[in-house]
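quick check, what structure comes out for this input:
(one chain, ligands or ions: 1)
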Amino acid sequence: MFVTFEGLDGSGKTTQAELLADAFRSEGREVVATREPGGTPLGEELRRLVLEGVDMSAWAEAALFAAARAELASRVIAPSLHAGKDVISDRYIDSSLAYQGLARGLGVDKVLELNLVATHGLLPDWTVLVLVDPEVALSRSRVSDRIERESLDFHRAVDSAYRELAAMFPNRILAFDGSRAAAEIAKEIRGRLRDLS
Ligand code: TYD
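Below you'll find the model as predicted:
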C-alpha cells in the first residue's frame with residue numbers, strides 16, 4: 001500500500017505518518033517511510049535549495065519539487081512497492097497541487113501533468129489529509145523555511161486548496177479532523193484504511 005500524508009505545516013501530519021508506520025510495523029508489515037522534499041541524496045540537496053535558497057519563480061519552485069519527487073519515486077517508492085513493502089510518505093504530489101497549483105496559482109491541471117510525467121504516473125492508493133485551522137497550524141509550526149515564512153493569507157489559501165483537492169479526488173483523499181488528540185486521530189486513520197482495504 002502506498003499512503004501519503006498531507007496538510008499544513010503544524011497540522012500534525014508528520015506525527016500521524018509516524019504513528020501509521022508504527023501501527024503497520026506492529027502488524028508485521030514492512031514499511032518504508034519517507035518525506036518530501038527529500039528522501040534521497042539528490043532530494044535532500046534540492047530541499048535545501050528550494051527551502052533555504054534564493055527567491056525563485058513559481059514554476060522554478062514547482063519544477064524543483066517535481067525533480068525531488070522524480071528521484072524519490074524512481075529510486076525509493078516504486079522499488080519498495082515492487083518488493084511488496086508498504087510506503088508511507090510525509091507529503092507527495094498533493095503538496096505541489098495545493099501549494100504551487102492552487103495557492104501560487106499555477107493551475108492544478110498543469111502541476112499535476114508535470115508531476116505525472118516526473119513520477120511515471122505513480123499516485124498513492126490513499127492520501128490522508130490532516131485538517132486544522134490555519135491559525136492554529138501556523139502557531140504550532142516553527143516557522144523555519146522560505147515557504148513557511150509566507151503570510152497567514154497564504155496558509156489560508158493552502159488550507160482551502162487542500163479542501164478543494166479533497167472534493168476533486170474523493171476516491172483517494174481521506175480528510176481527518178486534526179484538532180483532536182494524536183492517538184485518537186491515529187486510531188481513526190488506521191480504522192478507515194482497514195475498512196477500505
Ligand atoms: P515540510 O517538509 O513539511 O516542512 P518541515 O520539515 O519544515 O515540517 O515541507 C516544507 C515546505 O515545502 C512546506 O511549507 C510545504 C512546501 N512544499 C511545497 O510547497 N510543495 C511541495 O511539493 C512540497 C513537497 C512541499
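
can you report how many residues lie near the nearest residue to Leu193 once chain neighbours are set aside?
What sits nearest to Leu193 in space, not counting adjacent residues and going by C-beta to C-beta, 6 or more residues apart in numbering, is Trp126, at 6.3 Å. Where C-beta positions appear, they are placed from N, C-alpha and C, glycine not excepted. For Trp126, the neighbour count with other C-beta atoms under 10 Å is 18.

phi and psi next, for Trp126.
phi -140, psi 140 (degrees, to the nearest 10).

that one touches Val3, doesn't it?
Yes: between Trp126 and Val3 there is a contact at 5.0 Å, judged by C-beta atoms under 8 Å.

overlap of the contact sets of the two?
In terms of C-beta atoms under 8 Å, 6 or more residues apart in numbering, Trp126 and Val3 are both contacted by the residues Leu193.

the most far-flung residue of the chain relative to its centre sits in which helix or strand?
Relative to the mean C-alpha coordinate of the chain, counting by C-alpha atoms, centre = their mean, the farthest residue is Gly28 (24.7 Å). Following DSSP states H and E, there is no helix or strand that holds Gly28.

please apply the same query to the one 4 residues further on.
Using DSSP H and E, Val32 maps to strand 31-35.

need the next SSE after that strand, C-terminal direction.
Beyond strand 31-35 in the direction of the C-terminus, DSSP H and E gives the next helix or strand as helix 41-52.

where does the chain have low pLDDT?
Across the chain, the stretches falling below the confidence threshold (pLDDT under 70) are 143.

which residues of it lie near the ligand?
Listed as neighbours of the ligand in the chain under the rule C-beta under 6 Å from any ligand atom: 9, 35-37, 51, 65, 91, 95-96, 99-100, 144-145, 147-148.
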